[in-house]
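1. Just the structure for this:
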Amino acid sequence: MKSKKILIIDDSDDFRAVVRNYLKIHNSGLEVFEASSGEMGITKASCVRPDIVLMDLNLPHANGFEITQQIKDDHPACQVIVLTMFEVPLFKEKSLKVGAVDFISKNEVFDRLLPAIKACMEHLNLTRRKYESCKD
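-> Numbering: from 1, shown residues only. Below is the predicted model:
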């Protein structure tokens, strides 16, 4: 089975490094890609076709809602998890409305990120199995 790909879209080099190292330490088995802006995230998503995107909402020249919507339009199977400092119920509602599957405060990353990624991978595996059974 090929490894799953995850794309971290966040303008903070330090935060991307923390998440990348956290995933490495916990042996997630994910191939990690990074983008520092929304535009770069859309381009990178088109090239690497990630299974999961970790999306910041506050990005230069764009916002995570718009970028999430664009990535979901281009890659409907991609699972988007919003990671943000803004713990605003309206932001959570809007994130889910544009296609995110989870909304995690950056303060809760170490508690909630791995279970959220695991849930995404289980969903992707289930979807893949359903697709493969329909081909037979």
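
2. Please tell me how far the closest residue to Asp56 other than its chain neighbours sits from Asn125.
-> Distance criterion CB to CB, 6 or more residues apart in numbering; nearest residue to Asp56, sequence neighbours excluded, is Asp10 at 4.1 Å. (C-beta placed from N, C-alpha, C; glycine too.) Separation of Asp10 from Asn125 (CB to CB, to the nearest Å) stands at 26 Å.

3. which of those two has more neighbours?
-> Neighbour count, other CB atoms under 10 Å: between Asp10 and Asn125, Asp10 has more, with 26 against 13.

4. Please spell out which residues along the longest helix anywhere in the chain are buried.
-> When the chain is scanned for its longest helix (criterion: DSSP state H), the result is helix 109-135. The neighbour-count check on helix 109-135 (16 or more other CB atoms under 10 Å) flags Val109, Arg112, Leu113, Ala116, Ile117, Cys120, Met121, Leu124 as buried.

5. what's the answer for stretch 96-110, then?
-> Buried residues in stretch 96-110, defined by neighbour count with 16+ other CB under 10 Å: Val98, Gly99, Ala100, Val101, Asp102, Phe103, Ile104, Lys106, Val109.

6. Now do the residue lying closest to Ser3 once chain neighbours are set aside against Met85, distance only.
-> Nearest residue to Ser3, sequence neighbours excluded (CB to CB, 6+ apart): Glu31, at 5.0 Å. For Glu31, the distance to Met85 equals 27 Å [CB to CB].
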